[in-house]
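Trainee: Sequence first, then the predicted structure:
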Amino acid sequence: AQSVTQLDSQVPVFEEAPVELRCNYSSSVSVYLFWYVQYPNQGLQLLLKYLSGSTLVKGINGFEAEFNKSQTSFHLRKPSVHISDTAEYFCAVKGGNKLVFGAGTILRVKS
Amino acid sequence: KAGVTQTPRYLIKTRGQQVTLSCSPISGHRSVSWYQQTPGQGLQFLFEYFSETQRNKGNFPGRFSGRQFSNSRSEMNVSTLELGDSALYLCASSLAVSLNTEAFFGQGTRLTVV
């Protein structure tokens, strides 16, 4: 069975600072990984995905993530955050044709 | 093109009632999945439909059911509502049922049971 652990429930960071949101996964089959963002009272928006190929994946809004098979991780990074990046971020693994989500990490960007 | 549309956006129901939520997928998408989001349990998979057939089901009681129509639109129904059913219900559409297709989510329906 697949599972996802997001190691931080909240990450506070100052505007223009770099940020890393951590995600570890467990999967016994081929790995397909996703990061979604959720703004208040909104649905989920896909930030980026890893299906195969290059382990460094670039997404929207300047985010990127690196797939590390040996450490079973898929951490999300952004070199310089903006106030508008304040939201909840979800890491997910696709297994059995369904998405298994982590508990989410709230990114709070402070000015 | 239009995204995933969920109606209604907000709903208030009384315990014991039933409710039907609707989801219109992106044009051309044939797979629709439903998820429940609560503060305590997070995002949990309810079920997935493809070509009017349920292909996958999560661990929810039989009070939760769904269906998909020939135009790929989907509905989910919750009968005998309980307070714990209060949640954001999210619908996602995909081109097909396969591991390497991405899911696009709607804005959700916020259900409050009183």
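Mentor: Yes, it's here.
Trainee: Flag every residue of chain B that's near chain A.
Mentor: B:4, B:6, B:33, B:35, B:42-43, B:45, B:48, B:55-56, B:58, B:90, B:92, B:97-100, B:102-108, B:110 (CB under 8 Å from any CB of the partner chain). The C-beta positions use only the backbone N, C-alpha and C, and glycine is treated the same way.
Trainee: are any of those residues buried, and which?
Mentor: Among the residues of chain B next to chain A, those scoring as buried are B:4, B:6, B:33, B:35, B:42-43, B:45, B:48, B:55-56, B:90, B:92, B:97, B:102-108, B:110 (criterion: 16 or more other CB atoms under 10 Å in any protein chain shown).
Trainee: Just these: which are in helices?
Mentor: Among these, no member is found in helices (DSSP state H).
Trainee: Can you list which of the residues you listed are found in strands?
Mentor: B:6, B:33, B:35, B:42-43, B:45, B:48, B:55-56, B:90, B:92, B:104-105, B:110 (DSSP state E).
Trainee: These: which two are farthest apart?
Mentor: Largest separation among these by CB to CB: B:55 and B:110, giving 26.5 Å.
Trainee: tell me, how many neighbours does residue A:30 end up with?
Mentor: Residue A:30 has 11 neighbours, counted by other CB atoms under 10 Å in any protein chain shown.
Trainee: From residue A:94, how far out is it?
Mentor: Residue A:30 sits 9 Å away from residue A:94, going by CB to CB, to the nearest Å.
Trainee: can you check residue A:70 too?
Mentor: 20 Å.
Trainee: So which of the two has more stuff around it?
Mentor: residue A:94 (24 against 5).
Trainee: Touching the helix or strand of chain B with the lowest mean pLDDT from outside, list them.
Mentor: Within chain B, no helix or strand scores below strand B:53-57, which has a mean of 92 by mean pLDDT, DSSP states H and E. With contacts defined as CB atoms under 8 Å, 6 or more residues apart in numbering or on different chains, strand B:53-57 is touched by A:96-98, B:31, B:33, B:45-49, B:66, B:68, B:97.
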